[in-house]
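> With the input below, show me the fold.
(one chain, ligands or ions: 1)
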Amino acid sequence: MATIRLGDIAPDFTAETTEGTVHFHEWLGNSWGVLFSHPADFTPVCTTELGVTSKLKDEFARRNTKVLAVSVDPLKSHQEWIKDINETQHTTVNFPIIADADRKVATLYDMIHPNANETFTVRSVFIIGPDKKVKLTLTYPASTGRNFFEILRVIDSLQLTANYSVATPANWEQGQDVVIAPAIKDEDIPSRFPKGHKRIKPYLRTTPQPNL
Ligand code: BEZ
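Numbers count the residues shown, from 1 in each chain. Now for the predicted structure:
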């Protein structure tokens, strides 16, 4: 198992999930993907995370993004736990959860950090592009539930910056001005960004979000 870095091809695998066998790359197809681990079934924070993710189904779909969860519990446990998630979070789990009892996926993606916990996965997130390359990695401890609005925000930024020579500034949200990539020469800005721009410093030039 090697560290997975940004730009690496996301390791492929075949796994049993609550929605049948998944061949990861084939399952992703031309979509973006979010692969995320949680420490264990029948735990409180994980229950809320999977509930929130289910409720964001339409938001992920609008971004052409498939979601795949993983934990090291067996399929039967996942199936029982899903009933609790549905009941307590007032939702219906609508994405597959990998039953990774043999830790194949957890090991492949370095999701077990033994100095944090020898058995359970940490809260890892991998965002994967349609080219199967890793675009973002995040690692949260078991005690901190993730902010899934932040994951959507990052996908928005990744999808925008994949198509335009821009970057998104701190705390950027959809609709706000973006930063023009330093590689773009001043004289090329008007033709590339016809909505206008501000030149705050030679290295800090902003423009309205180009894809709206
Ligand atoms: C939880 O999901 O609530 C949790 C899981 C493992 C350790 C601590 C909290």
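> Could you use CA atoms for every contact and neighbour count after this?
Fine.
> Is there proximity between stretch 38-51 and the ligand?
Yes: using Cα under 6 Å from any ligand atom, stretch 38-51 comes into contact with the ligand via 39-40, 43-46.
> Among those residues, name the buried ones.
39-40, 45-46 (16 or more other Cα atoms under 10 Å).
> mind putting these in a markdown table, distance to residue 193 included?
Below are these laid out as a markdown table (distance: Cα to Cα, whole Å):
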| residue | distance to residue 193 |
| --- | --- |
| 39 | 45 |
| 40 | 47 |
| 45 | 43 |
| 46 | 43 |
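> what's the first-to-last distance across stretch 189-202?
Start-to-end span of stretch 189-202 (Cα to Cα, to the nearest Å) is 12 Å.
> For residue 57, grab phi and psi.
Dihedral angles of residue 57 (phi, psi; degrees, to the nearest 10) stand at phi -50, psi -50.
> Correct me if wrong: it contacts residue 92.
No: using Cα atoms under 8 Å, residue 57 is not in contact with residue 92; the gap is 10.1 Å.
> any idea which residue of this protein is furthest from its center?
Taking Cα atoms, centre = their mean as the measure, the residue most remote from the mean C-alpha position of the chain is residue 187, 36.1 Å away.
> Using the three-state scheme, assign that one.
Three-state assignment for residue 187 (DSSP: H, G, I helix; E, B strand; the rest coil): helix.
> And it, what's its pLDDT?
We have a pLDDT of 97 for residue 187.
> And for the one 4 residues further on?
As summarised for this prediction, residue 191 has a pLDDT of 97.
> And residue 3, by the same measure?
So residue 3 comes in at 89 (pLDDT).
> if I've got this straight, it is in a strand?
No: assignment of residue 3 by three-state DSSP gives coil, placing it outside any strand.
> Residue 182 versus the nearest residue to it once chain neighbours are set aside, what's the distance?
In space, and not counting its chain neighbours, residue 3 is closest to residue 110: 6.8 Å by Cα to Cα, 6 or more residues apart in numbering. Distance of residue 110 to residue 182, given as Cα to Cα: 34 Å.
> Can you pick out the residue with more neighbours from those two?
Using other Cα atoms under 10 Å, the more surrounded residue of residue 110 and residue 182 is residue 110, with 17 against 14.
> Name the SS class of that one, please.
Here residue 110 is coil, with the state taken from three-state DSSP.
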